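J.: Okay, sequence plus prediction incoming.
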Amino acid sequence: MQMAPALRIGVAQPTAAWVGRLDKKTKLRIVWRVCFGPSGKPYEVTCTMSRKSKKREVFAEGALLHSGGLGLLESVGDVAADATLFSFDWEQEGRRFVVVERVFPNQPQGDDDEPSPPIGDPSALREAARFDLAVDGVLYSKLRDSDGLSLSERRALEVRHPSKPDPSVCLHGSAA
């Protein structure tokens, strides 16, 4: 059986906020929300970045998957603009996820779609723009918005990718 497509929940940018304990701007939290198929349960991927310790943590549905520092790469002077500072990938029930941090944010590639208005602290959003989530090889910003599906599109996706009564099956997009 074919897996239901990954869909973005909400705007094309992830939500981002400064969450440092003593000094708010020392730790950034970035949250991406997706679902698999129109009736799939929301699935949340979170990445935290510490400016002090250089540690990056990746969580899926609140469970810690990765915790580690960057080392010295971040402070090297002659790094290409598209160089990757941090990358973590994992598979979960047939789905492939990748969180990547680049030296500079990716520039939009002239899409026909109008960008979604950013939501949140502008400085946190600027910093978060260096991070990307890809699901099954598709960047978060390129995933279709689950709220933007017409009724006929929803029905077509449900017919091609039937959901089981248990929403956790849709969450991971696989059948037994």
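T.: Good, I have the coordinates. Every value quoted in this text rests on a predicted model; they were computed, and no experiment measured them.

J.: Using CSV, list the CA coordinates for stretch 89-109.
T.: C-alpha atoms of stretch 89-109 as CSV (Å, rounded to 0.1, in the frame of the first residue of the first chain):
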residue,chain,number,x,y,z
ASP,A,89,18.5,12.4,9.7
TRP,A,90,16.3,9.5,10.9
GLU,A,91,13.7,7.1,9.6
GLN,A,92,10.5,6.4,11.4
GLU,A,93,8.1,3.8,10.1
GLY,A,94,9.1,4.2,6.4
ARG,A,95,9.4,8.0,6.5
ARG,A,96,12.7,9.8,6.2
PHE,A,97,13.3,13.0,8.1
VAL,A,98,16.3,15.4,7.9
VAL,A,99,17.0,18.5,9.9
VAL,A,100,19.7,20.7,8.4
GLU,A,101,21.3,23.9,9.5
ARG,A,102,23.2,26.0,7.0
VAL,A,103,25.7,28.9,7.4
PHE,A,104,23.2,31.3,5.7
PRO,A,105,19.5,30.8,5.0
ASN,A,106,18.4,29.3,1.7
GLN,A,107,17.2,32.0,-0.7
PRO,A,108,13.7,31.4,-2.3
GLN,A,109,13.9,29.9,-5.8
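
J.: please begin residue numbering at 19 from this point
T.: Renumbered: residue one is now 19, and that last one reads stretch 107-127.

J.: starting at the chain centroid, how far to it?
T.: For stretch 107-127, the separation from the chain centroid amounts to 7 Å (computed by Cα atoms, centre = their mean, to the nearest Å).

J.: Report the buried residues of it.
T.: The neighbour-count check on stretch 107-127 (16 or more other Cβ atoms under 10 Å) flags R113, F115, V117, V118, E119, R120, P123 as buried. Placement of C-beta: from N, CA and C, glycine included.

J.: The fourth one bridge partners, please.
T.: Just to be clear, that refers to V118. S105, D150 (DSSP bridges).

J.: which one among the buried residues of stretch 107-127 gets closest to M67?
T.: M67 has its nearest neighbour among the buried residues of stretch 107-127 in E119, at 7.3 Å by Cβ to Cβ.

J.: and the gap between the closest one and C65?
T.: 8 Å (Cβ to Cβ, to the nearest Å).

J.: List the contacts of the biggest helix by length in the chain.
T.: When the chain is scanned for its longest helix (criterion: DSSP state H), the result is helix 169-178. Residues outside helix 169-178 that contact it (Cβ atoms under 8 Å, 6 or more residues apart in numbering) are Q20, A22, P23, G55, P56, S57, L167.

J.: again, but for stretch 36-43
T.: By Cβ under 8 Å, 6+ apart, the surrounding residues in contact with stretch 36-43 are T44, K45, L46, R47, T66, R69, D139, S141, A142.
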